[in-house]
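1. give me coordinates for this.
(one chain, ligands or ions: 1)
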Amino acid sequence: MNVVIRPDDASVTEAAYALVRDRLANRHCRVFGLPTGQTPRKLYSAMVAGYRRGELDFDTVQTFNLDEYLGLDAGHPGSFRHFMEVNLFAHVNIRSENIHFLDGLPEDIQAECHRYEWLIRECGGIDLQILGIGADGHIGFNEPTSSLASRTRDKTLTPRTILDNRGAFANEEEVPRWALTMGVGTILEAREILLLATGGSKAEAVAAMVEGPVTAMCTASVLQMHPRVTVILDEAAAARLQCDEYYRWMNENDPHLAAYLDARRQRYGRHTQPGNAS
Ligand code: PGA
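-> Prediction:
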């Protein structure tokens, strides 16, 4: 894992935006997996601003959102589809036929989950999957004890997740108890993963994800098994990491590594690829 620690929320957004802009500029990176939640909200604003400045183009981009509440239609203000429309899709040049979502009101849950898995494969798989992390270590809605090999399916939310997500609803009672979510196995198939976490409430989950054992009790910990993951944290979310000095040292040395690789490229040809510190 490439762990990047930034002083605050704003600089986390800046670093995440730089990575997204770089990947969007690559015509081979076209399929994006997207999260909802408070954490990615600022990244989406930065992406909208970047699009308005002419830095980003979504014309040929396909998106797959990670999850959706069961029992809400797409127009419900608490639905993730609505969140994405308000925070990103309505403001950029993405084509509506390229926006893919799990249906929150499916006639047949299993068929809907199979359709989603099939469609991800049809589009060639996810190039960059962006993630947040729940305070209980979940990714998507893969709550503790989810199978680390799970595929897209329905999931019962924990009381803590329901409480954490009550912001978009009039009260806690209105938060749906169930959701459809990409599975842990589905997420792991993305070619690259970018996970963002900010604030002290995530510190414990972040430490378990980065430095704890790989366990279904913290589904994000399975990202240790993925070869290309960047985790961008603010100081508060990084507060419980034991090897934080090493991550900072690595980040400080990144420019030197880049310069070294550049020199090698010039000397030995263009095929020398940089690593990703995973
Ligand atoms: P948050 O949610 O960004 O609202 O904290 C993250 C998550 O539950 O994945």
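
2. residue in the chain nearest to the ligand?
-> Nearest to the ligand in the chain, going by Cβ to the nearest ligand atom, is Gly37, at a distance of 2.7 Å. Placement of C-beta: from N, CA and C, glycine included.

3. skipping adjacent residues, who's closest to that residue in space?
-> Gly132 (4.6 Å; Cβ to Cβ, 6 or more residues apart in numbering).

4. tell me the contacts of that neighbour?
-> 35, 37-40, 139, 195-197 (Cβ atoms under 8 Å, 6 or more residues apart in numbering).

5. what do you get for His91?
-> Under the criterion of Cβ under 8 Å, 6+ apart, the neighbours of His91 are 48, 51-52.

6. check the gap between Ile139 and Asn165 for me.
-> Distance, Ile139 to Asn165, by Cβ to Cβ, to the nearest Å: 15 Å.

7. okay, the two: which has more neighbours?
-> Neighbour count, other Cβ atoms under 10 Å: between Ile139 and Asn165, Ile139 has more, with 29 against 21.

8. wait, the more buried one touches Leu223, no?
-> Yes. With contact defined as Cβ atoms under 8 Å, Ile139 reaches Leu223; the gap is 7.5 Å.

9. shared neighbours of those two, anything?
-> The contact sets of Ile139 and Leu223 overlap at Leu195 (Cβ under 8 Å, 6+ apart).

10. pop out the phi and psi values for the residue nearest to Gly37.
-> Per-residue torsions, Gly132: phi -100, psi -170 (degrees, to the nearest 10).

11. burial count for Leu72?
-> Leu72, neighbours per other Cβ under 10 Å, totals 20.

12. hang on, it packs against Gly78?
-> Yes. Assessed by Cβ under 8 Å, Leu72 is found in contact with Gly78 at 6.0 Å.

13. quick check: neighbours shared by the two?
-> Shared contacts of Leu72 and Gly78, counting by Cβ under 8 Å, 6+ apart, come down to Pro176.
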